[in-house]
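K.L.:
Sequence first, then the predicted structure:
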Amino acid sequence: MLQIFMKQKHFNIPLFIPELACPFQCIYCNQKKISGRLKVPSAEEINKIVEEHLRTIPEKCSRVELAFFGGNFTGLQLNEQEAFLKLVQRHIKTGRISGIRLSTRPDYINEEVLKLLKRYNVKTIELGAQSMDDGVLKLSKRGHTVRDTETASAMILRAGFSLGLQIMIGLPGDTLEKSVFTAEKIIEIGADNTRIYPALVIKDTKMEKMYKEGKYQPLTLKEAVKWSKKLLLIFEKANVKVIRLGLHPSEGLLSGEELVAGPFHPSFRELVLTEIWNDLLKPLLDSEKSGEIEIHVPPGQLNYAIGYEGRNKKMLLGKYQQVKFCSDQELTGREYKFRLFVSFS
Ligand code: SF4
């Protein structure tokens, strides 16, 4: 019997609930501006968002998750959490949605909450760990400690959820070494996935005030790309999935209206992957021969190998008269092979 297995594509239906149950406004955060949403959506709005998304997602070969983002879901009263979760159960019963993921603070996890989430098909819990350095957490006035993140993570994993730990790089007091330590700690804790966000100075935040008073300096774009590259490679090696690199570009960020300073770029992930390929391709500049070069890369890597705005290709054109990139089904990961055509005059 011939069986054909099709790869499932993953879709998230994001439900942004700005600054839901936040104990205070963190110094870098203005979720309303970052997510572009100003108010908590009503029950009708939530249903509408879900149905609109489902209409655009193919029924076959897709795995759909509902994602409560933007606030601290588990900071709500238990009955309020239950009301939100109940609202979306009918989509799970029909089989269109496979589960729920949500984000929250490390100090908002307890056994009672986890029991409730389990009952309502929550599969993944993401914690805003931000840093695994207590000094950075203190200077950033996060109001929780590294210990809180460790304790909450252990409880989440013990209860059988998938764990996500989000990092913010470049917060007050942060260094590349501290970010690397954070990544290593996240791996050691056993997170399944992570998101890497470079800290930005957003309007109407405490960090805007600090920045204007000269008390805080964000990373440059170059530094943020360099740090993220290092962290991404560490996570990849440990099989921790990096599901986001850089903030989702809301209209306010794209227009620059909400951004005061900091390493925002709408194609941040692409910049980081371009740099990784740049490091891999650089040795080709040392070849004693020149002429034409044809570089074969795995299909999904073609754009990154060529580079954002063709940066890597342009670098190689400094040495070779012609540079051609081809996708090659036989290659995986970031493997590449090349052929040189040397011309004799
Ligand atoms: S970072 Fe999280 S806890 Fe802090 S204000 Fe923003 S949404 Fe609330």
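P.N.:
Yes, it's here.
K.L.:
what about whichever helix in the chain runs longest, average pLDDT?
P.N.:
Secondary structure assigned by DSSP state H gives helix 221-237 as the longest helix of the chain. Helix 221-237 shows a mean pLDDT of 98.
K.L.:
mind starting the numbering at 242 from now?
P.N.:
Sure, I'll start numbering at 242, so the last one becomes helix 462-478.
K.L.:
What is that helix packed up against?
P.N.:
Packing contacts for helix 462-478, counted by 3 or more CB pairs under 8 Å, 6 or more residues apart in numbering; DSSP states H and E, involve strand 403-410, helix 417-430, strand 434-439, strand 482-486, helix 509-522. Where C-beta positions appear, they are placed from N, C-alpha and C, glycine not excepted.
K.L.:
which outside residues touch the first one?
P.N.:
Counting by CB atoms under 8 Å, 6 or more residues apart in numbering, the neighbours of strand 403-410 from elsewhere in the structure are 269, 342, 344, 364-372, 381, 390, 394, 397-398, 420, 423-424, 427, 430-440, 460, 465, 468-469, 472, 484.
K.L.:
tell me the angle of it relative to strand 434-439?
P.N.:
10 degrees (axes from the mean of the first three to the mean of the last three CA atoms, to 10 degrees).
K.L.:
how about strand 403-410, does it reach the ligand?
P.N.:
No. Counting by CB under 6 Å from any ligand atom, the ligand is not contacted by strand 403-410; separation bottoms out at 8.6 Å.
K.L.:
Settle this for me: residue 250 is touching residue 302, isn't it.
P.N.:
Yes. Counting by CB atoms under 8 Å, residue 250 touches residue 302, with 6.2 Å between them.
K.L.:
Now residue 309, what are its backbone angles?
P.N.:
Backbone torsions for residue 309, taken as degrees, to the nearest 10, come to phi -90, psi 110.
K.L.:
contacting residues around the closest residue to it other than its chain neighbours?
P.N.:
Excluding the flanking residues, the one nearest residue 309 by CB to CB, 6 or more residues apart in numbering is residue 343, at 4.1 Å. For residue 343, the contact set (CB under 8 Å, 6+ apart) comprises 308-310, 314-315, 358, 363, 365-367.
K.L.:
Extract the C-alpha set from stretch 441-450 and format it as PDB.
P.N.:
This file holds the C-alpha atoms of stretch 441-450, laid out as PDB (Å, rounded to 0.1, in the frame of the first residue of the first chain):
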ATOM      1  CA  LEU A 441      13.500  49.300  21.300                       C
ATOM      2  CA  VAL A 442      12.700  52.700  22.700                       C
ATOM      3  CA  ILE A 443       8.900  53.100  22.200                       C
ATOM      4  CA  LYS A 444       7.000  56.300  22.700                       C
ATOM      5  CA  ASP A 445       5.300  56.900  26.100                       C
ATOM      6  CA  THR A 446       7.500  54.400  28.000                       C
ATOM      7  CA  LYS A 447       9.800  54.800  30.900                       C
ATOM      8  CA  MET A 448      12.700  53.900  28.600                       C
ATOM      9  CA  GLU A 449      11.900  56.800  26.400                       C
ATOM     10  CA  LYS A 450      12.500  59.100  29.400                       C
END
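K.L.:
From the rest of the structure, what touches it?
P.N.:
Here stretch 441-450 has contacts from 266, 268-271, 274-275, 382, 413, 440, 452, 457, 459, 488, 494, 498-505, using CB under 8 Å, 6+ apart.
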